[in-house]
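Student: sharing a sequence plus its predicted fold:
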Amino acid sequence: MIISHDVAGSGPAVVLVHSTVCDRRMWDRQVPALVGAGLRVVRCDLRGFGETPVPDRPYDNAQDVVDLLDRLGVERAALVGASGGGRVALAVASRWPQRVTALALLCTALAGQEPSDGLRAFGEREDALIEAGDIAGATALNVAAWLGPEADEEARALVREMQQHAFEVQLAATEEFGQIKVDTDPSDVTAPTLLVTGAHDFPDFQWIADHLADRIAGARRLDLPWAGHLPALERPDELSALLLDFLGTELPGSA
């Protein structure tokens, strides 16, 4: 199965991989800026998000992204991943380093990372609300937890819509299939890498970025003092400029 996606523009390819609180609509404000800078922008919905159905067998998100690139005839691409999408982008860059021209990880998650007390408490509260059938409450909890103080009501409404849709689709599934576990090593990444974190986010994501900065050769580390967990939605124009500055340096002819 090829996951749902859209493509805009022409030029060097950039793949945007969404947070697992969102779907590919989280990048709506970045697409025009990236296309206008001469990039071919690919957005995809991971399984169980947006327009991609829940998995019907064990699956591999990173392989799904590579399969999509193959379908589109894209040999090499820059990857931009947010949160859970960052974990997917990191896996692609680790397992297929020759296919990745640049890697930007925004408040990325990391497979196997033990949660802090605060993040564990959030997860327990979310589970309790879902178990009680309070999907609206679980959705509101996510909106409050993941968006920083700069997010406007439009951003909050969009995250609310994306998260509730994901809950409804995933909870309606009659069977649950897990991801295929593939060991990856961040030190296998060879692409120029930018690690972005937000000062208003859970501390877990600062720790992850610090860890990855030590493992990925030449990685750049940037903390945004205004950001929460989803800077692409909190200050979209500023985040677009940040990505273009990074990608323009790493992709000849892209800016």
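Tutor: Perfect, I can see it now.
Student: counting by contacts, list what the helix or strand harbouring Asp70 packs against.
Tutor: Mapping Asp70 onto the secondary structure by DSSP states H and E places it in helix 61-72. Packing partners of helix 61-72 (3 or more C-beta pairs under 8 Å, 6 or more residues apart in numbering; DSSP states H and E): strand 13-17, strand 40-44, helix 84-95. (C-beta placed from N, C-alpha, C; glycine too.)
Student: so what's Arg43 up against?
Tutor: By C-beta atoms under 8 Å, 6 or more residues apart in numbering, the contact list for Arg43 reads 5-7, 15-16, 18, 24, 27, 31.
Student: not counting sequence-adjacent ones, nearest residue to it?
Tutor: Nearest residue to Arg43, sequence neighbours excluded (C-beta to C-beta, 6 or more residues apart in numbering): Arg24, at 4.0 Å.
Student: same question, Gly228
Tutor: The spatially closest residue to Gly228, leaving aside those adjacent along the chain, is Gly148, at 2.3 Å (C-beta to C-beta, 6+ apart).
Student: how many neighbouring residues does that neighbour have?
Tutor: Here the neighbour count serves as a burial measure; for Gly148 (other C-beta atoms under 10 Å) it reads 21.
Student: go on, Glu75?
Tutor: The burial count assigned to Glu75 is 11, neighbours taken as other C-beta under 10 Å.
Student: you'd agree it is up against Arg99?
Tutor: Yes: between Glu75 and Arg99 there is a contact at 6.8 Å, judged by C-beta atoms under 8 Å.
Student: which residues do these two both contact?
Tutor: Residues touching both Glu75 and Arg99 (C-beta under 8 Å, 6+ apart): Leu69.
Student: returning to what we had before: now the helices and strands packed on helix 61-72 in CSV, with mean pLDDT and distance to Val182?
Tutor: Formatted as CSV, the entries for the helices and strands packed on helix 61-72 read as follows, by pLDDT from 0 to 100; distance: least, C-beta to C-beta, whole Å:
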stretch, mean pLDDT, distance to Val182
strand 13-17, 98, 16
strand 40-44, 98, 19
helix 84-95, 98, 7
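Student: of those, which is nearest Leu244?
Tutor: Taking C-beta to C-beta as the criterion, strand 13-17 is the member of these that comes nearest to Leu244, at 10.1 Å.
Student: beyond that closest one, next helix or strand please.
Tutor: Heading C-terminal from strand 13-17, the first helix or strand you meet, by DSSP H and E, is helix 30-36.
Student: show me the strands in this structure, by range?
Tutor: Remark: strands assigned in the chain by DSSP state E are 5-8, 13-17, 40-44, 77-82, 100-106, 193-198, 220-224.
Student: closest to Arg125 out of the ones you listed?
Tutor: Judged by C-beta to C-beta, the one of the strands of the chain that comes nearest to Arg125 is strand 193-198, at 20.9 Å.
Student: that closest one pairs with which strands?
Tutor: According to DSSP bridges, the neighbouring strands of strand 193-198, each with its direction, are strand 100-106 (parallel), strand 220-224 (parallel).
Student: winner for burial among those strands?
Tutor: Relative to the other members of the strands paired with strand 193-198, strand 100-106 carries the highest mean neighbour count by mean count of other C-beta atoms under 10 Å, namely a mean of 26.
Student: what does that strand contact?
Tutor: Contacts made with strand 100-106 from outside it, assessed by C-beta under 8 Å, 6+ apart, are listed as 12, 76-83, 86, 89-90, 92-93, 189-196, 209, 212, 230-232, 239, 243, 246-247, 250-251.
Student: and those residues, which of them are buried?
Tutor: Neighbour-count burial (16 or more other C-beta atoms under 10 Å) applied to those gives 12, 77-83, 86, 89-90, 92-93, 189, 191-196, 209, 212, 230-232, 239, 243, 246-247, 250-251.
Student: pLDDT below threshold where in the protein?
Tutor: Flagging of the chain using pLDDT under 70 yields the residue ranges 250-255.
Student: repeat that for 80
Tutor: Within the chain, the set of residues satisfying pLDDT under 80 comprises 174, 249-255.
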